[in-house]
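1. Based on what follows, work out the 3D shape:
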Amino acid sequence: MRSTWWPLAAITLGNFMLLIDVTIVNTALPQVAHGLDASFASLQWVMDIYALALAALLMVAGSAADLFGRRRLYLLGLAVFALSSLICGLAPDAGVLIAARAVQGAGAAAMFATNTPLLMATYTGRARGIAFGVWGGTSGAAAAVGPVLGGVLTEYVDWRAIFLVNLPLTAIAVWITVRTIGESRGAPGARIDWPGAAFFTACAGALTYGLMRGGEEGWSDPGAVVALAGAALALIVFVAVERGARQPLLDLRLLRRPSFAVLMGAALLLQAAAFPYLTYAGLWLQSVLGMSPVRAGLAVTPMAGVSLVVGAAGGRLLEKAAPGRTLGGGLLLVGAGALVNATLVDATSDGTALAPGLALAGLGIGLAMPVLVSAALGAAPPERAGMASGAVNTFRQLGYALGIAVLGTVFSSRVRDVVTDSGTVPSRASGRAADAISGGHADAVITAAPPHHAAAARSLVHESFAAGLDRICVISGITALVAGLLVLTVVRGRPKPPAPAGPRAEPSPTEPVAA
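-> The predicted structure is shown next:
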């Protein structure tokens, strides 16, 4: 196995798996809800905890890879990812599934943090350019393939297969890695900022939990209040720790640069606006419209398909364009796409109503994602290239996690309001009915209604779910528009040449379009 491209195969296979596990779950959520009797909050955590663990551990995983060896950490990440995927596939209840997804996110962080440094250490010259082109294209393909593959496995095998399929793939990746990839490390004297990592993780976790808890139990709920206060305290301590650290997890001086700070905000808001509402769109397609998992997966692929084509076809041209204009314009298109979905989706819509808005948003993602990391690298000094790359990817994943939490709160609240105001369901049962509709159990609401009220119950399900989806699409659209205008105002100039390859430096390949 001495072919030049075997290391690329091992690295891209791992990258494909960790990214596809973000989107592959979407089309399986209704089956997960029925199979494990999972609540709406549990479904949110199944989606959210993976991205949250990935975001919280990504920067510290990069530091650990520099210190202990990138190949070693990549292999460890693959092993953790495989073991947790097995537990996900065998999970007897929602609690075990959520816990296993958290561990799976930790394994994914180790894999993601070592992808580009291993490619940098393995390839040089023209081969490096080819390697990163393939890596970026495969990353984009993960977003396009995820919903369809999830639908196929769920419909023709079982929802558990979406996790168990990782086992043979990780075995292949481990075998190739051991045989073809050499070890590499960062600069001597590298250290891990454990206090910074701990407080950043605590802040992100407490904030996400507080947002979900507040949406479910009310904002005066003691658990929500304590979690949000804890998040604020952890953030304050994190800032204090980073300011005094010799080798900080995140050099806060970078955020004094307006362009860099805005780009971090754009990474977070782009991910929060573009992808989380697809989770609820998938529930709508299956639990309300009655689509099969495969058809539901195909219905949401216009976004990923268009973004993949645009990113691949325009990658060379986008590298020469002003990053602020490209990223800002892409965000505006993402916002426009979400608002189109809000306009076209109503209680009488079918699955095709999503296609125009998703295609428009996909065009924006295809423009924005390829330049996001290169813009961040251009806004940071060359010696901080690795940190800038890790930070932008961390903010992206954190944006997805927070987007799921915030939009889930808004969605369930809107569904509850419509159900309560309708008068179709007795007031004492309206809360349970709203939770069932939000959580993918819409058929239970219709079945439980008396025969002479079945039509009214069916109409209520369609109306309430469409109202919730409309509301979160509006919020996603406005968020992306505001972010786009901010980028266009602040981020200026032409792209800078890539920083020299160093122990922590990373290139600026086409970034994945997945969450």
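2. My read is that Ala405 contacts Arg213, right?
-> No: with contact defined as C-beta atoms under 8 Å, Ala405 does not reach Arg213; the gap is 9.5 Å. Bear in mind the C-beta positions are built from the backbone N, C-alpha and C, glycine included.
3. neighbour-wise, which of the two wins?
-> Using other C-beta atoms under 10 Å as the criterion, Ala405 and Arg213 rank with Ala405 on top: 26 against 22.
4. nearest spatial neighbour of that one, skipping sequence neighbours?
-> Among residues not flanking Ala405 along the chain, Leu211 sits closest, at 4.0 Å (C-beta to C-beta, 6 or more residues apart in numbering).
5. And Gly337, by the same measure?
-> Nearest to Gly337 is Ala361, by C-beta to C-beta, 6+ apart, at 2.9 Å.
6. Mind jotting down where the helices sit in the stretch 251-400 of the chain?
-> Here the stretch 251-400 of the chain has its helices, by DSSP state H, counting those that start in this stretch, at 258-274, 277-283, 293-299, 301-320, 323-344, 355-378, 385-422.
7. follow-up on the earlier one: how much space between the residue nearest to Ala405 and Phe200?
-> 17 Å (C-beta to C-beta, to the nearest Å).
8. And for Ile24?
-> For Ile24, the distance to Phe200 - C-beta to C-beta - is 27 Å.
9. Next, the angle from the helix or strand encompassing Arg432 to helix 385-422.
-> Using DSSP states H and E, Arg432 maps to helix 427-438. Helix 427-438 runs at 140 degrees relative to helix 385-422, counting by axes from the mean of the first three to the mean of the last three C-alpha atoms, to 10 degrees.
10. Thr348: what's it in contact with?
-> Thr348 is in contact with His462, counting by C-beta atoms under 8 Å, 6 or more residues apart in numbering.
11. ditto for the one 4 residues further on
-> Under the criterion of C-beta under 8 Å, 6+ apart, the contact partners of Thr352 comprise Ala299.
12. returning to that earlier point: surely the residue nearest to Ala405 touches Val406?
-> Yes: the criterion here is C-beta under 8 Å, and Leu211 meets it with Val406 at 5.8 Å.
13. you'd agree Leu485 is up against Gly328?
-> Yes: at 7.2 Å, Leu485 and Gly328 qualify as touching, with contact defined as C-beta under 8 Å.
14. So the two - more neighbours on which side?
-> Neighbour count, other C-beta under 10 Å: between Leu485 and Gly328, Gly328 has more, with 24 against 14.
15. Would you agree that one is in contact with Gly484?
-> Yes: Gly328 is within contact range of Gly484, at 4.7 Å (criterion: C-beta under 8 Å).
16. and Ile24, how many residues sit next to it?
-> What Ile24 shows, counting by other C-beta under 10 Å, is a neighbour count of 26.
17. dump the residue contacts of the closest residue to it other than its chain neighbours.
-> Excluding the flanking residues, the one nearest Ile24 by C-beta to C-beta, 6+ apart is Gly150, at 3.9 Å. Contact partners of Gly150, counting by C-beta under 8 Å, 6+ apart, are 23-28, 162, 293, 297.
18. Quick check: which element contains Thr170?
-> helix 166-180.
19. Run through who's touching the helix or strand just after that helix.
-> Reading on from helix 166-180 to the C-terminus, the next helix or strand found by DSSP H and E is helix 194-217. Contacts with helix 194-217, where a contact means C-beta under 8 Å, 6+ apart, come from 40-41, 44-45, 48, 52, 55-57, 59-60, 221, 223-228, 230-231, 234-235, 237-238, 241-242, 245, 248-250, 398, 401-402, 405-406, 408-410, 412-413.
20. What's the ChimeraX line that selects buried ones from those residues?
-> The buried residues among those can be selected in ChimeraX (16 or more other C-beta atoms under 10 Å) with this line:
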select :40,41,44,45,48,52,55,56,57,59,60,224,227,228,230,231,234,235,237,238,241,242,245,248,249,250,398,401,402,405,406,408,409,410,412,413
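21. Look up phi and psi at Asp158.
-> Phi and psi for Asp158, reported as degrees, to the nearest 10, are phi -170, psi 160.
22. typo on my end, it should be Gly423
-> Dihedral angles (degrees, to the nearest 10) for Gly423: phi 80, psi 0.
23. Can you tell me, leaving aside adjacent residues, what's nearest to Thr154?
-> Pro293 (4.1 Å).
24. dump the residue contacts of the one you found.
-> Taking C-beta under 8 Å, 6+ apart as the test, what Pro293 contacts is 27-28, 30-31, 150-152, 154-155, 286.
25. Check those against Leu73 and report the nearest one.
-> Closest to Leu73 out of those is Gly150 (27.9 Å), distances taken as C-beta to C-beta.
26. distance of the closest one from Leu278?
-> Taken as C-beta to C-beta, the span from Gly150 to Leu278 is 12 Å.
27. Look up the pLDDT of the closest residue to Ala296 other than its chain neighbours for me, please.
-> Sequence neighbours aside, Leu285 is the residue nearest to Ala296 in space, at 4.0 Å (criterion: C-beta to C-beta, 6+ apart). You'll see Leu285 listed with a pLDDT of 93.
28. thought Leu285 was touching Ser292?
-> No: Leu285 is not in contact with Ser292 according to C-beta under 8 Å; the separation is 9.4 Å.
29. which one of the two has more residues nearby?
-> Between Leu285 and Ser292, counted using other C-beta under 10 Å, Leu285 has the larger neighbour count: 26 against 15.
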